[in-house]
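> Okay, sequence plus prediction incoming.
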Amino acid sequence: MRRIPSLLAGLAVLAGLVVTSATPASAVDPTKGYSGICTGNDALTGVTVVIDFQELDGNGGTAAPTITRCSPNATPGTDRTGIKALQDAGIAVAGVAQWGLGFVCRLEGRPSATESIPVTGNPTYKEACVRTPPAAAYWSYWNATGATTTWTYSSYGALNRNVVPGGFEGWSFSLNRSASTNPVPRVTPLNPAVNASNPTVSLSVDDLDHKITLGQSTTLTWTSTNSTTLTAQSVSPATGGGSWSGALAVPGGTKTITPTAAGTYTYTIKATGTGGTVYSTASLTVQ
């Protein structure tokens, strides 16, 4: 079990798979998702993924134009993590050996293991994808509801955050920037099908691997928009997962959970607003 320390929370924009081989930037899987924002039946159930290579575009002579791609949800109504949305869009994802899915290292093969990244103070830095990438050269993670033109920097990694149906997932390479100057993805995250009054909600488990040992506690974190009430709707199975019921703070907050039995538990949050009612879930395994 590993928790996200406060230092890593600011960098919890990095999530992926243990690194294998580099993949060309043009190798988006054509059998998954499709180019452009989600439309038709996917407009309110899928999520649009944006990959903005920023300074990596042309670095080392390899072009990497911004990718905008719909990630359909094969089972609408079920939650997906940011990592699953990338994979469903056909985006190649690689992570660091130390954290696995906890920290993204490469998207579509960039930055490759052989290209030099001009990090301040280390102009020939090469990303080996073994440990957490430096704060001066990493993939920053963003999200948007689709109802406005505003991106929000995520304080949670893509493995620990559920996407918002109809919304946008953004990845933007940050080079020699600070927390206040990280570049937003250069695509307007507006989905014409999304009603600006619709509520959104996302529930996350704070442990990187979604696992704890019996006797330990963890934290559930939620965020929402356009919600007037939030409710800890249920936990399944109904016993053993700890206390999860009643009204919750709006628009977001945290709650410590202490399970009393081993097993895998699913926690559900309900958000209600003038635009309707939506739900989100998060799973935790107690060993």
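Looks like it came in fine.
> ok, which stretches of the stretch 1-150 of the chain are strands?
34-35, 47-52, 67-71, 93-96, 100-107, 117-119, 122-125, 137-144 (DSSP state E, counting those that start in this stretch).
> highest average neighbour count across those strands?
Neighbour counts (mean count of other Cβ atoms under 10 Å) averaged over each of the strands of the stretch 1-150 of the chain peak at strand 47-52, with a mean of 27. C-betas here are computed from N, CA, C, even on glycine.
> Can you list the strands that that strand pairs with?
strand 67-71 (antiparallel), strand 168-175 (parallel) (DSSP bridges).
> Of all the ones you listed, which one is nearest Gly58?
strand 168-175 (12.2 Å; Cβ to Cβ).
> Enumerate the positions of the next helix or strand after the closest one that are buried.
Going down the chain from strand 168-175, the next helix or strand is strand 200-205, by DSSP states H and E. By neighbour count on 16 or more other Cβ atoms under 10 Å, the buried set for strand 200-205 is Thr200, Val201, Ser202, Leu203, Ser204, Val205.
> follow-up on the earlier one: now the strands of the stretch 1-150 of the chain as JSON lines including distance to Ser283 and mean pLDDT?
JSON lines is the format used below for the strands of the stretch 1-150 of the chain (distance: least, Cβ to Cβ, whole Å; pLDDT from 0 to 100):
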{"stretch": "strand 34-35", "distance to Ser283": "29", "mean pLDDT": "97"}
{"stretch": "strand 47-52", "distance to Ser283": "19", "mean pLDDT": "98"}
{"stretch": "strand 67-71", "distance to Ser283": "20", "mean pLDDT": "98"}
{"stretch": "strand 93-96", "distance to Ser283": "20", "mean pLDDT": "93"}
{"stretch": "strand 100-107", "distance to Ser283": "14", "mean pLDDT": "88"}
{"stretch": "strand 117-119", "distance to Ser283": "35", "mean pLDDT": "95"}
{"stretch": "strand 122-125", "distance to Ser283": "37", "mean pLDDT": "95"}
{"stretch": "strand 137-144", "distance to Ser283": "20", "mean pLDDT": "96"}
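> would you turn those strands into CSV with distance to Ala247?
Shown next, in CSV, are the strands of the stretch 1-150 of the chain (distance: least, Cβ to Cβ, whole Å):
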stretch, distance to Ala247
strand 34-35, 41
strand 47-52, 28
strand 67-71, 33
strand 93-96, 37
strand 100-107, 32
strand 117-119, 47
strand 122-125, 49
strand 137-144, 25
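> Nearest to Val187, out of these?
strand 47-52 (4.6 Å).
> The residue nearest to Gly242 when sequence neighbours are not counted and Asn195, how far apart?
Spatial nearest neighbour of Gly242, excluding adjacent residues (Cβ to Cβ, 6 or more residues apart in numbering): Ile257 at 4.2 Å. Remark: distance between Ile257 and Asn195 (Cβ to Cβ, to the nearest Å) = 33 Å.
> do the same with Thr148
Taking Cβ to Cβ, one finds Thr148 at 12 Å from Asn195.
> Mind jotting down where the helices sit in the stretch 1-150 of the chain?
Using DSSP state H, counting those that start in this stretch, the helices of the stretch 1-150 of the chain run over 6-9, 82-88.
> Just give me the lowest mean pLDDT stretch among those.
The weakest mean pLDDT among the helices of the stretch 1-150 of the chain belongs to helix 6-9, with a mean of 34.
> Export the strands paired with strand 47-52 as JSON lines, with columns for distance to Ala144.
What follows is the strands paired with strand 47-52, written out as JSON lines (distance: least, Cβ to Cβ, whole Å):
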{"stretch": "strand 67-71", "distance to Ala144": "13"}
{"stretch": "strand 168-175", "distance to Ala144": "4"}
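> Contact partners for Asp52?
Thr66, Gly170, Trp171, Ser172, Phe173, Pro183, Pro185, Arg186, Val187 (Cβ atoms under 8 Å, 6 or more residues apart in numbering).
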